[in-house]
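In: model this:
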Amino acid sequence: MAAITAALVGALRAKTDAPMMECKKALTEAEGDMDRAEEILRVKLGSKASKASSRITAEGVVASFISGNVGSLIEVNCETDFVTKNDDFLALANTCAKLIAEHNPADIAALGALPLDGKTVEEVRAALVGKIGENMSFRRFVRFDTTAKLVSYLHGTRIGVVVEFDGADEQVGKDVAMHIAAMKPVSLSSDQVPAELIEKERSVAALKAAESGKPADIAEKMVEGSVQKFLKEVSLLNQTFVKNDKQTVEQMLKSVNTTVKAFTMFVVGEGIEKKQDDFAAEVAAQVAAAKQA
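Out: Numbering: from 1, shown residues only. Predicted structure coming up:
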């Protein structure tokens, strides 16, 4: 069994906002498994105990570029929020978004090899690292080339969305992109929700149902109800439209003869664990070094 350290408890608390002692109990029960402990907290404390997907830790920006039926979305990471406001850093992100749309690189390495101002993109990035004194990297990108329409929406520089749609009114596409940035669906429709997310939700629902003490047939219905509710909450077409809570997104789209074919959303730092500095340990190490000196 892994040691339940203060750092581990603190990390779980940062993810969930659950009380410290509850985090320690959950980690003990889960034998140090962070994901399992998070599920235990969700069962005991409710859905608010799961904030890992919304608590963004890494820094950086999202940039987009659209020209006609071709577009792109890119996430560029850095170490601190200070750099996200640097003009050279922002210019590089926007330039790379345009280069992706125009040249269709296969991957990050191919993007780095593209020519830019007499150098390669990678050489420009490395020079900027030297100038600013902070590491930065191209994390991910997506390129669109379609016969449909494209629209993008950037919420500041931390959330970016590109929507591929068919319809006469471009504003509808923009409204959908803004909705996606606000509600963060994981798929277009409920049948496209990843199986691992469904199984995780089913597992949590089953544990909650078991703790309720209800008969097996009732518990089974509770689990299925929870799963169906989850599918509606995370699939775009089933979500309540943010600009009209009397309609789902699907109903709104049908009313204006519009079809959303696909979308991509990037949230800066999503899924990245930010390095947590142990200040006390750092001070102790400096004191020890000073004594030795």
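
In: now stretch 215-229: buried residues?
Out: Ala219, Met222, Val223, Ser226, Val227 (16 or more other Cβ atoms under 10 Å). Placement of C-beta: from N, CA and C, glycine included.

In: how far off centre is the helix or strand harbouring the fourth one?
Out: So the one you mean is Ser226. Assessed by DSSP states H and E, Ser226 sits inside helix 216-234. Remark: helix 216-234 is offset 25 Å from the chain centroid, using Cα atoms, centre = their mean, to the nearest Å.

In: so what touches it?
Out: Under the criterion Cβ atoms under 8 Å, 6 or more residues apart in numbering, residues 185-187, 190, 193, 197-198, 201-202, 204-206, 208-210, 212, 214, 238-239 lie in contact with helix 216-234.

In: 10 Å - rerun?
Out: 47, 183-187, 189-194, 197-215, 238-240, 248 (Cβ atoms under 10 Å, 6 or more residues apart in numbering).

In: that helix: what's the following helix or strand?
Out: Immediately after helix 216-234, counting by DSSP H and E, sits helix 249-255.

In: same for that next one, what does it pack against?
Out: Secondary-structure packing of helix 249-255 (3 or more Cβ pairs under 10 Å, 6 or more residues apart in numbering; DSSP states H and E): helix 170-183, strand 259-267.

In: in the longest one, what's buried?
Out: For helix 170-183, the buried set under the neighbour-count rule, 16+ other Cβ under 10 Å, comprises Val172, Gly173, Lys174, Asp175, Val176, Ala177, Met178, His179, Ile180, Ala181.

In: just stretch 80-97 next, same as before
Out: Residues of stretch 80-97 classed as buried: Val83, Thr84, Asn86, Phe89, Leu90, Leu92, Ala93, Asn94, Thr95, Cys96, Ala97 (neighbour count, 16+ other Cβ under 10 Å).

In: from Val62, how far off is Lys85?
Out: Distance, Lys85 to Val62, by Cβ to Cβ, to the nearest Å: 14 Å.

In: what about the protein, any weak spots by pLDDT?
Out: 1, 16-17, 45-57, 272-293 (pLDDT under 70).

In: tell me the domain ranges of it?
Out: With domains defined by automatic domain parsing, the chain comprises 1-55, 59-173+259-267.

In: could you dump the ones you listed to a markdown table with distance to Leu231?
Out: Output for the domains of the chain, formatted as a markdown table (distance: least, Cβ to Cβ, whole Å):
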| stretch | distance to Leu231 |
| --- | --- |
| domain 1-55 | 15 |
| domain 59-173+259-267 | 17 |
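
In: ok so, going back, looking at the helices and strands packed on helix 249-255, which is nearest to Glu122?
Out: Nearest to Glu122, of all the helices and strands packed on helix 249-255, is strand 259-267, at 20.9 Å by Cβ to Cβ.

In: tilt between the closest one and helix 170-183?
Out: Here strand 259-267 points in a direction 40 degrees away from that of helix 170-183 (axes from the mean of the first three to the mean of the last three Cα atoms, to 10 degrees).
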